[in-house]
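**Student:** Sequence and predicted structure, then a few things I'm wondering about:
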Amino acid sequence: MPKRNYGFEKRQKELAKMQKRQLKAERRAERAQPQPEEQAGDSDAPLPPDPGE
C-alpha cells in the first residue's frame, strides 16, 4: 500500500479554497459596480405622480 501524500492533498485543498474565494470576490465586484445600461434607462423615464397628493 502506498504512503499518502499529505502535502499534495493539502495543496489541492488550498488551491480549491483560493479559487472559491476568487470567484466569490468577482461576484461581489460585479454586484458592487453599477450597471450603466440600467441607470441610463431609469434617468430618462419620468417619475409617476404620488397617489397621496
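**Tutor:** Cool, got the structure.

**Student:** make it CA atoms for all contacts and neighbour counts henceforth
**Tutor:** Noted.

**Student:** Give me the number of neighbouring residues for A25.
**Tutor:** Neighbours of A25 under the rule other C-alpha atoms under 10 Å: 12.

**Student:** how would you label the residue most central in space within the chain: helix, strand or coil?
**Tutor:** Centroid-nearest residue in the chain: R27, 0.9 Å away (criterion: C-alpha atoms, centre = their mean). Under DSSP: H, G, I helix; E, B strand; the rest coil, the three-state class of R27 is helix.

**Student:** ok, it to R21 distance?
**Tutor:** Using C-alpha to C-alpha, to the nearest Å, R27 is found at 10 Å from R21.

**Student:** And for G7?
**Tutor:** Separation of G7 from R21 (C-alpha to C-alpha) stands at 21 Å.

**Student:** Could you check which of these two has the larger neighbour count?
**Tutor:** Set side by side, G7 and R21 show more neighbours around R21, with 12 against 9, by other C-alpha under 10 Å.

**Student:** So what's the residue count around P49?
**Tutor:** Residues within reach of P49, counting by other C-alpha under 10 Å, total 7.

**Student:** Over to it. Which of the three states is it?
**Tutor:** coil.

**Student:** what's it sitting at in phi/psi?
**Tutor:** In terms of degrees, to the nearest 10, the main-chain angles of P49 are phi -70, psi 150.

**Student:** Which pLDDT value belongs to it?
**Tutor:** For P49, the model assigns a pLDDT of 74.

**Student:** who's in contact with it?
**Tutor:** Contacts for P49 (C-alpha atoms under 8 Å, 6 or more residues apart in numbering) come out as none.

**Student:** Report the residue spans of the protein with pLDDT below the cut-off.
**Tutor:** With pLDDT under 70 as the threshold, the chain has low-confidence stretches at 35-46, 53.
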